[in-house]
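1. Need coordinates for the below:
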Amino acid sequence: MTKENIIRQAYEAAVERYAAVGVDVKEAMDKLQKVSLSMHCWQADDVSGFENQGGSLTGGIQVTGNYPGRARTIDEVRADVLKAASLIAGKHRLSLHEIYGDFQGKKVDRDEVEPVHFESWMQWAKESGMKLDFNSTSFSHPKSGDLTLANPDDAIRNFWIEHTKRCRWISEEMGKYQDDPCIMNLWIHDGSKEVPASRLKYRQILEQSLDEIFTTEYKNMKDCIEAKLFGIGLESYTVGSYDFYLGYGAKKNKIVTLDTGHFHLTESIADKVSALLLFTPEIMLHVSRPVRWDSDHVVILGDDLLDLAREIIRCKALDRVHIGLDYFDATINRIGAYVIGCRATQKAFIQALLEPSATLQQYEAEGKYFQRLALQEEMKSLPWTAVWDMFCLQNDVPVGEDYIAEIEKYEAEVTSKR
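-> Residues are numbered from 1 along each chain as shown. All right, here's what the predicted structure looks like:
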């Protein structure tokens, strides 16, 4: 019996097994097919970008490892992204940081950046069947320091305000070009190594900066604001904390970004989803895997990710939650890191979509808590992997571990020669 026949046979058995608990497998697969992950361009080149070739990272960002084959040019980043995407089922997006502009070797400071510097990206994305998302870039710049949008120095703060305004403009043009809203994420590293004399002062400045940045309304982009727990060298105080952005987002009707690595390890990110959906229009996710701190390890299929996916499905919020990835690992093959993380995220969502939610909710409504817990436990051992294998087969991407050989071949033929 061929491998394909084994996959199909296992799938048919899984369909029957799930039907017994009231789950329509095909409906679950159809929903997963529509889920587009926003792949992060910075995994390909260790957050280097094309603005300051050879420059060092600042703003509390660190990349560990020096695995051979890092992408060094726009063409190499694009090739690596497309290779990774070819091993991931479905149609996905690409999230760009501003420093990845096509500057053609010219010096373009961040308060001078324009949509023209991303025209080639827009064309490439259209030709590649991808949509683009965008991020302003406050780190790795001579004017970054410890404070950007929250800086009391008018000259520095206005520089970053202008930068962020231009990033929103670029996002608007991307959205127009691709006929689909571009998600523009705003994250800054602003903070202090020690507790400042006044925490309020810098948050007042940040609020004023954001108000000025968001003055212009656009129709083809969506604004997201991303919090941080702390940054390396800025451990004692973060201006843009979760509470700050949650308050601002609820007040100003902005999307709050939940980076799964930007919270204390004992916090449940899944628990935040239903709360935010009540008071903010949508949610942006940056799926990461923290180990002790915001270390941005490659995403794997763990309980935290499963809980997050289940909560989104239980809230019927797939149309209100944007799912992006955010990690950078240079200790292993970078394309492999892309694929592991994206496929792990999809695996979490197929399990969530296969949950017999109607039965569970009925048990709960009737006070049948033993039955609810028993069914939740039994769901963990139902044959979701057979459904996942068929999903990959139908999308013409490698099933199971077969993608390992594909990445090894690409490394031998392409990245090892860089």
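
2. ok, the residue nearest to residue 108 when sequence neighbours are not counted to residue 124 distance?
-> Spatially, and ignoring its direct neighbours in sequence, residue 108 is nearest to residue 117 (6.4 Å; Cβ to Cβ, 6 or more residues apart in numbering). C-beta: built from backbone N, CA, C; applies to glycine. Separation of residue 117 from residue 124 (Cβ to Cβ, to the nearest Å) stands at 13 Å.

3. Residue 225 too?
-> 28 Å.

4. go on, residue 335?
-> In terms of Cβ to Cβ, residue 335 sits 18 Å off from residue 124.

5. Could you check which of these two is surrounded by more residues?
-> Neighbours per residue, other Cβ atoms under 10 Å: of residue 335 and residue 124, the larger number sits with residue 335, 27 against 19.

6. what's near enough to touch the more buried one?
-> 44, 80, 83-84, 407, 410-411, 415 (Cβ atoms under 8 Å, 6 or more residues apart in numbering).

7. and what of residue 10?
-> Here residue 10 is in contact with 383, 386, 389 (Cβ under 8 Å, 6+ apart).

8. Kindly report the same for residue 8.
-> Taking Cβ under 8 Å, 6+ apart, we find residue 8 in contact with 390, 393.

9. Look up the residues forming beta bridges with residue 134.
-> Here residue 134 sits in beta bridges with residue 96, residue 184, going by DSSP bridges.

10. And for it, the neighbour number?
-> Residues near residue 134, counting by other Cβ under 10 Å: 28.

11. For the lengthiest helix in the chain, buried residues please.
-> As assigned by DSSP state H, the longest helix anywhere in the chain is helix 154-178. Neighbour counts over helix 154-178 (16 or more other Cβ atoms under 10 Å) mark 156-157, 159-178 as buried.

12. before we move on, what about stretch 293-306?
-> By neighbour count with 16+ other Cβ under 10 Å, stretch 293-306 contains the buried residues 294, 296-299, 301, 304-306.

13. Do me a favour and get the end-to-end distance for it?
-> Taking Cα to Cα, to the nearest Å, stretch 293-306 runs 20 Å from one end to the other.

14. Ok, stretch 108-124 next?
-> First residue to last in stretch 108-124 (Cα to Cα) measures 21 Å.

15. If we go by neighbour counts, what in it is buried?
-> Quick answer for stretch 108-124 (16+ other Cβ under 10 Å): 110, 113, 115, 117-118, 121-122, 124.

16. tell me which of those is nearest to residue 330?
-> residue 121 (23.1 Å; Cβ to Cβ).

17. That closest one and residue 182: what is the separation?
-> Noted for residue 121: a distance of 11 Å to residue 182, by Cβ to Cβ.

18. who touches both of those two?
-> residue 132.

19. Next up, the contacts around the closest residue to residue 343 other than its chain neighbours.
-> Distance criterion Cβ to Cβ, 6+ apart; nearest residue to residue 343, sequence neighbours excluded, is residue 88 at 6.2 Å. The contact partners of residue 88, taken as Cβ under 8 Å, 6+ apart, are 37, 338-339, 342-343, 346, 397.

20. So residue 88 belongs to a strand, correct?
-> No: Residue 88 is assigned coil when assessed by DSSP: H, G, I helix; E, B strand; the rest coil, not a strand.

21. quick one on the thing from earlier: let me see the mean pLDDT of the longest helix of the chain.
-> Helix 154-178 carries an average pLDDT of 98.

22. Pull up the pairing partners for the lowest-mean-pLDDT helix or strand in the chain, direction included.
-> Lowest mean confidence among the helices and strands of the chain (mean pLDDT, DSSP states H and E): strand 293-297, at a mean of 77. Strand 293-297 has its sheet partners listed here by DSSP bridges as strand 289-291 (antiparallel).

23. what's across from residue 234 in the sheet?
-> Assessed by DSSP bridges, residue 234 has beta-bridge partners residue 231.

24. How confident is the prediction for it, by pLDDT?
-> Value listed for residue 234 in the pLDDT field: 83.

25. cool, and residue 58?
-> 62.

26. One more: residue 354?
-> 98.

27. what's the spacing between the residue nearest to residue 108 and residue 99?
-> For residue 117, the distance to residue 99 - Cβ to Cβ - is 11 Å.

28. same thing with residue 197?
-> Distance, residue 197 to residue 99, using Cβ to Cβ: 33 Å.

29. which of the two has more neighbours?
-> Taking other Cβ under 10 Å, residue 197 and residue 99 do not tie; residue 99 has more neighbours (23 against 7).

30. related to what we said a few turns ago, mind listing which of the contacts of residue 10 are in helices?
-> The helices, defined by DSSP H, take in 386, 389 from the contacts of residue 10.

31. Please indicate which of the contacts of residue 10 are buried?
-> 383, 386, 389.

32. So which residues of this protein form helices?
-> Counting by DSSP H, the helices of the chain are 3-19, 25-33, 74-85, 119-128, 154-178, 199-213, 242-252, 269-279, 303-314, 334-353, 357-365, 369-379, 384-394, 403-413.

33. check contacts around the closest residue to residue 308 other than its chain neighbours.
-> Using Cβ to Cβ, 6+ apart and skipping the chain neighbours, the partner closest in space to residue 308 is residue 270 (4.6 Å). Residue 270 sits next to 304, 307-308, 310-311 when contact means Cβ under 8 Å, 6+ apart.

34. Most neighbours out of those, which is it?
-> Neighbour counts for the contacts of residue 270 (other Cβ under 10 Å) peak at residue 308, which has 27 neighbours.

35. Contact partners for residue 129?
-> Each residue near residue 129 by Cβ under 8 Å, 6+ apart is listed here: residue 91.

36. That one and residue 86: what is the separation?
-> Distance from residue 129 to residue 86, by Cβ to Cβ: 11 Å.

37. Please report the distance of the residue nearest the centre of the chain from residue 4.
-> By Cα atoms, centre = their mean, the chain has its centre lying nearest to residue 324, at 2.1 Å. Distance, residue 324 to residue 4, by Cβ to Cβ: 33 Å.
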